[in-house]
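Undergrad: Just a sequence and a predicted model for now, questions to come.
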Amino acid sequence: MTASPFDHAFLSGLLGDEETGACLEAEADVAAMVRFERALAEAEAAEGVVPFEAAEAIAAAASSFQPDMALLRDATRRDGVVIPELVRQLRAAVGEPHEKFVHHGATSQDAIDTSLSLRLAAVLDILGVRLARTVEALDGLARRDGGRRVMAHTRMQAALPVDAARKILSWRDPLVRHQARLVAVRGHVGVLHFGGPVGSLEALGDKADAVVRRLASALGLVPPHRPRHSERDGMAELASFLSLVTGGLGKMGQDIALLAQSEVGEIRLATGGGSSAMAHKVNPVAAEVLVALARFNATLLAGMHQSLVHESERSGAAWTLEWMILPQMVMAAGVSLSTAERLIGNVSFHATA
């Protein structure tokens, strides 16, 4: 049983997205954190901070490491974060004499936030592909139906006749702008998080900058000019982007639902939802989902802006709030884009003006 509609037993049929969800699962999180620990040891060995033999032992243990997930859950209840127990288990897998070099110079937030950066990079790849496909689908719809004359509506009232292309472009063009926004968001999200306990990396001495560069390169992330533990603007920018995407698709969904009304009839849906009582109905389910997801992300966006407020060098409360909100916003955006592409394939305009 789950409280989330995104992986609920039957609501996931409406709101599920296995491809995006796979990036957010606990197994993916653990794998990314272990990848960080291995890459950290190798970067430190390359700079002479830890012995090469230690890095080799950590890499060997990491390659087959299978943590006890039940212990991770219980320890997180106690510690508030998973890393102390994960590091304990990884050190046990490495064994003497090299176990003490696991997680050397790092702190829990380094591993947790770098894991998030790695997984969000994969998510943004998925969203980028879906944005492109959705734009292509709308281009196809415009080529086929764009010349048909339909009634424009202002303030919910019939206004003047326009080409259907006018409506289609109002759905398409924001998505093209989102493709450009995605480039900037990727640069602000795909950042290495590595600062040690208080962001000073003092355990690495004068090798700190070199280790940061090596570690970032190994993980395919941007090396920051200094640690960003309490600077969450990148995550808030991502949340804003996600809400913009779902909001634009929600506008399209709202338009399609209105234009598909029996009394309007400017759009016909090839398929739709059935009714338990009225067999004649073709409900605009996918369009309604887009509206709901837009409103969902718009609501959560305020919470992500609340999570910007970190006390001093780290806030457990703000960090936890981010964990609660951001994955849901990511899922909503993924579902919205896949739903939009399917919906466009079912839409046809019918001239009424």
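TA: Arrived safely.
Undergrad: State the helix or strand in which the spatially closest residue to residue 94 that is not a sequence neighbour lies.
TA: Closest residue to residue 94 apart from its sequence neighbours, by Cβ to Cβ, 6 or more residues apart in numbering: residue 61 at 4.5 Å. Placement of C-beta: from N, CA and C, glycine included. In the assignment (DSSP states H and E), residue 61 maps to helix 52-63.
Undergrad: Give the buried residues for that helix.
TA: The neighbour-count check on helix 52-63 (16 or more other Cβ atoms under 10 Å) flags 54-55, 57-59, 61-62 as buried.
Undergrad: residues in contact with that helix?
TA: Helix 52-63 has contacts (Cβ atoms under 8 Å, 6 or more residues apart in numbering) with 34-35, 37-38, 41-42, 44-45, 90, 93-95, 98, 101-102.
Undergrad: List the buried residues in stretch 287-298.
TA: For stretch 287-298, burial by neighbour count (16+ other Cβ under 10 Å) applies to 287-294, 296-297.
Undergrad: same check, this time on stretch 167-185
TA: Buried residues in stretch 167-185, counting neighbours by 16+ other Cβ under 10 Å, are found at 167-169, 171-172, 174-175, 178, 181-182, 185.
Undergrad: Averaged pLDDT, stretch 286-295. What do you get?
TA: Averaging pLDDT along stretch 286-295 yields 96.
Undergrad: What of stretch 167-177?
TA: Computed over stretch 167-177, the mean pLDDT rounds to 97.
Undergrad: so how far is that stretch off the chain centroid?
TA: Relative to its chain's centre, stretch 167-177 lies at 22 Å (Cα atoms, centre = their mean, to the nearest Å).
Undergrad: do stretch 118-125 as well
TA: Chain-centre distance of stretch 118-125: 7 Å, with Cα atoms, centre = their mean.
Undergrad: Over to stretch 169-189?
TA: Computed by Cα atoms, centre = their mean, the chain-centroid distance of stretch 169-189 equals 14 Å.
Undergrad: now swap in stretch 249-264 and tell me
TA: Centroid separation for stretch 249-264 versus its chain: 27 Å, with Cα atoms, centre = their mean.
Undergrad: Dump the C-alpha coordinates for that stretch into PDB.
TA: What follows is stretch 249-264, C-alpha atoms only, in PDB (Å, rounded to 0.1, in the frame of the first residue of the first chain):
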ATOM      1  CA  LEU A 249       0.600  21.500 -20.600                       C
ATOM      2  CA  GLY A 250      -2.200  22.100 -18.100                       C
ATOM      3  CA  LYS A 251      -3.300  25.100 -20.300                       C
ATOM      4  CA  MET A 252      -3.300  22.800 -23.300                       C
ATOM      5  CA  GLY A 253      -5.300  20.200 -21.400                       C
ATOM      6  CA  GLN A 254      -7.800  22.800 -20.200                       C
ATOM      7  CA  ASP A 255      -8.300  24.100 -23.800                       C
ATOM      8  CA  ILE A 256      -8.800  20.600 -25.200                       C
ATOM      9  CA  ALA A 257     -11.300  19.700 -22.500                       C
ATOM     10  CA  LEU A 258     -13.300  22.800 -23.300                       C
ATOM     11  CA  LEU A 259     -13.100  22.500 -27.100                       C
ATOM     12  CA  ALA A 260     -14.100  18.800 -26.800                       C
ATOM     13  CA  GLN A 261     -17.400  19.600 -25.000                       C
ATOM     14  CA  SER A 262     -20.400  18.300 -26.800                       C
ATOM     15  CA  GLU A 263     -21.900  21.800 -27.100                       C
ATOM     16  CA  VAL A 264     -18.600  23.200 -28.700                       C
END
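Undergrad: Residues in contact with it: which ones?
TA: With contacts defined as Cβ under 8 Å, 6+ apart, stretch 249-264 is touched by 134, 150, 153, 167, 170-171, 174-175, 266-269, 284, 286-291, 293-295, 336-337, 339-340, 343, 347, 352.
Undergrad: Next, work out how far apart the residue nearest to residue 298 when sequence neighbours are not counted and residue 144 are.
TA: Leaving out its chain neighbours, the residue that sits closest to residue 298 by Cβ to Cβ, 6+ apart is residue 243, at 5.6 Å. Computed with Cβ to Cβ, to the nearest Å, the distance linking residue 243 and residue 144 is 31 Å.
Undergrad: more crowded one of these two?
TA: Using other Cβ atoms under 10 Å as the criterion, residue 243 and residue 144 rank with residue 243 on top: 24 against 14.
Undergrad: Good, wrapping up.
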